[in-house]
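K.L.:
pasting the sequence and the predicted coordinates here, then a few questions.
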Amino acid sequence: MHTTPRGMFQRMQQRWLDHPTALIDDLLADDVVIETPFAPPGGPTRFEGRQTFLEFADPQRAAFPVRFDDCRTVAVHDTTDPNTIVVEYELTGTHTRTAKQSTAAFIGVLTVHDGKITLWREYQNTLAIMQALT
């Protein structure tokens, strides 16, 4: 099954909006690399392999007190590699305990091979995320 990076990002967006703790685990290749270069201090910035990522992300996601309300694509940039895009997007969510709504900006680099994500590098606005959680 061949899925374009644009199509895969749309699937990711829908998954985020469908359920507040939904993960994209079935979209990930077994040997996926996930990087978050701007992770909060002390947090991991690189995961190699789906299982390694899920062992970290599953409990984090289950405890994350935010329901995503919108995921707006700002821009999608093609690269010289047809399997890779750079996407600018904004996630809007509501804190489930305080009802405070916030929006944070992201940039992601997404590579897809054989219908699975092989690279997801996400640059997060960590300050906006931390402020939304307070």
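P.N.:
It's in.
K.L.:
when you work out contacts or count neighbours from here on, use the C-alpha atoms and nothing else.
P.N.:
Fine.
K.L.:
most distant residue from the centre of the protein?
P.N.:
Thr98 (23.2 Å; CA atoms, centre = their mean).
K.L.:
Ala105 versus that residue, what's the distance?
P.N.:
The gap separating Thr98 from Ala105 is 21 Å, by CA to CA, to the nearest Å.
K.L.:
so how far is Glu48 from Phe56?
P.N.:
With CA to CA as the criterion, Phe56 and Glu48 are 11 Å apart.
K.L.:
try Thr92
P.N.:
From Thr92 to Glu48 the distance is 28 Å (CA to CA).
K.L.:
neighbour count: those two, which is higher?
P.N.:
Thr92 (19 against 15; other CA atoms under 10 Å).
K.L.:
returning to that earlier point: quick one, phi psi at the residue farthest from the centre of the chain?
P.N.:
Thr98 adopts backbone torsions of phi -110, psi -10, taken as degrees, to the nearest 10.
K.L.:
in this protein, which helix or strand is least confident?
P.N.:
Scoring the helices and strands of the chain by mean pLDDT, DSSP states H and E places helix 126-132 at the bottom, with a mean of 72.
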